[in-house]
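how would this look folded up:
(chains A and B)
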There are 2 protein chains.
Amino acid sequence: MVIIKVFVIGAHGQIGQRLIHLLAQQGHQVLAGVRNPDQITETEDGKITPVNFNLEDLPENLAPQLKGSDAIIFTAGSGGKTGADMTMLIDLDGAVKSMQAAELAGVKRFVIVSALYTGDRSKWIKSMRPYYAAKFYADEWLLHQTDLDYTIVRPGTLTNDEGTGKVDVQETEDVPGSISRDDVATVISEVITSSHASHKVFNVISGEKLIKKAINDL
Amino acid sequence: MVIIKVFVIGAHGQIGQRLIHLLAQQGHQVLAGVRNPDQITETEDGKITPVNFNLEDLPENLAPQLKGSDAIIFTAGSGGKTGADMTMLIDLDGAVKSMQAAELAGVKRFVIVSALYTGDRSKWIKSMRPYYAAKFYADEWLLHQTDLDYTIVRPGTLTNDEGTGKVDVQETEDVPGSISRDDVATVISEVITSSHASHKVFNVISGEKLIKKAINDL
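The predicted structure is shown next:
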């Protein structure tokens, strides 16, 4: 297995925390991007290093932190407790600034955690429309306004259930479903080292296929 | 002077109301797009016709209303009284849905009222960042994700002063300044029939040059 240096933006989030520990277990070198570095403890084996990364900064100020990474994972989100103003500034503009910073830093591989239905306005639940809109425009920027080697991962409804290690992946159909944050983290850990995931947009929900196989079948 | 059929999205807004009457005076046929057609009174001379146009609808439902227009002007905004959720859904997604509807309807000419500094994140005033972000992503979509014949008009701070008929137009520099809504309406009325404004992005503030000349010098 290839060992790489991965920068995780939103490392203190619910998926982010699972992800950085999983990546470290797999032997990767993890740069844990957080607004406040005190949020993350440096691990004794040196696999996880907290890095100050404030999504309200400008791309040119974010780029130096990303320089030298092999891949970037954007899993930051303003969360349900803040207003739509932060959804706009973090989930949309923060994501795009991260892409611009990646390009400035010369990092090509960029994985973003999006959401099921983001690509189809007719399926946006009314109360969550600002969130979907933010995700939509971030994904569209990654697809059409960058030369990054992207993967857009669109999980179904997120749960805190224990991971099953098995999923259903769809590139064209929007099949409703849920998935645990554990499994989303595992999916992303497979995606970052799989050439099959390159330049792909896919939905993922809990299912019957082993995650490694599901990603290799993309 | 060429007489055209103009669809104004946001006809009940502060710029929109000035604009539809100005366009009607100039002899144009005005379709006044509003969420609630009761907001606009059909004029006796038949120059202004209210048309139901709800920016929360999908592009395929908005396209029929636009069909047959020669030009579209987007001057809708959720306004300062609503939250950032409506900024996302009207100023950003509503604008993009209007562009997609224009393309579906086969209308090529699309003029959007943006704001000074929208193109430069470092100049976004902190309290207005969600608004600037919404305008930024709408403008970027128009520039890079459509084949529309666009003009992006970026006025300075808007006032309710009486129009002077004179402005300063800048395509490259961000000169700070204010401009009356009267003058913005006049600028747009020139822009829609001037070939010089085609495929242009410009800032406009109050100044010394006659509006017609300023637009013809673009």
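
Quick check: residues of chain A near chain B?
Contacts of chain A with chain B, taken as CB under 8 Å from any CB of the partner chain, map to A:58, A:83-85, A:87-89, A:92-93, A:96-97, A:121-122, A:129-130, A:133-134, A:136-137, A:140-141, A:144-145. Every C-beta, even on glycine, is put in place using the N, C-alpha and C of the backbone.

among those, which ones are buried?
For the residues of chain A next to chain B, a neighbour count by 16 or more other CB atoms under 10 Å in any protein chain shown gives the buried set as A:84-85, A:87-89, A:92-93, A:96-97, A:121, A:129-130, A:133-134, A:136-137, A:140-141, A:145.

Residue A:141: which element?
Following DSSP states H and E, one finds residue A:141 within helix A:129-144.

Please state the offset of that helix from the chain centre?
From the chain centre to the centre of helix A:129-144 is a distance of 13 Å (CA atoms, centre = their mean, to the nearest Å).

what is the orientation angle of the very next helix or strand once past that helix with helix A:129-144?
Once the chain leaves helix A:129-144, the next helix or strand it forms, by DSSP H and E, is strand A:149-155. Angle between the axes of strand A:149-155 and helix A:129-144 is 150 degrees (criterion: axes from the mean of the first three to the mean of the last three CA atoms, to 10 degrees).

show me the contacts for residue A:179.
Taking CB atoms under 8 Å, 6 or more residues apart in numbering or on different chains as the contact definition, residue A:179 lies against A:155-159, A:167, A:204-206.

tell me which element it is part of?
Residue A:179 belongs to strand A:178-180, assigned by DSSP H and E.

And for residue A:55?
Going by DSSP H and E, residue A:55 is not part of any helix or strand.

With the one 5 residues further on instead?
Assigning secondary structure by DSSP H and E places residue A:60 in helix A:59-66.

which other helices and strands contact the helix or strand of chain A with the lowest mean pLDDT?
In chain A, no helix or strand scores lower on mean pLDDT, DSSP states H and E than helix A:84-86, which sits at a mean of 92. Judged by 3 or more CB pairs under 8 Å, 6 or more residues apart in numbering or on different chains; DSSP states H and E, the packing partners of helix A:84-86 are helix B:84-86, helix B:129-144.

Listing partners with orientation, what would you give for the helix or strand hosting residue A:49?
Under the criterion of DSSP H and E, residue A:49 resides in strand A:48-52. Applying DSSP bridges, strand A:48-52 is found paired with strand A:29-34 (parallel).

The strand it pairs with: how far from the chain's middle?
That offset, for strand A:29-34, works out to 13 Å (CA atoms, centre = their mean).

Over to stretch A:182-191?
10 Å.

Spatially, what comes nearest to residue A:89 if we skip its sequence neighbours?
residue B:129 (5.8 Å; CB to CB, 6 or more residues apart in numbering or on different chains).

doesn't residue A:92 make contact with that neighbour?
No. Assessed by CB atoms under 8 Å, residue B:129 is found out of contact with residue A:92, at 11.1 Å.

I'd like to know how many residues surround residue A:185.
Residues contacting residue A:185 under the criterion other CB atoms under 10 Å in any protein chain shown number 23.

Same check on residue A:47?
17.

what's it sitting at in phi/psi?
Phi and psi for residue A:47, reported as degrees, to the nearest 10, are phi -80, psi -30.

isn't it right up against residue A:28?
Yes. Between residue A:47 and residue A:28 there is a contact at 7.3 Å, judged by CB under 8 Å.

the helices in chain A, which residues?
Applying DSSP state H to chain A gives helices spanning A:14-25, A:59-66, A:84-86, A:93-105, A:129-144, A:181-191, A:211-216.

want to throw those helices into a markdown table with distance to residue A:73?
Formatted as a markdown table, the helices of chain A follow (distance: least, CB to CB, whole Å):
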| stretch | distance to residue A:73 |
| --- | --- |
| helix A:14-25 | 7 |
| helix A:59-66 | 11 |
| helix A:84-86 | 20 |
| helix A:93-105 | 10 |
| helix A:129-144 | 13 |
| helix A:181-191 | 6 |
| helix A:211-216 | 14 |
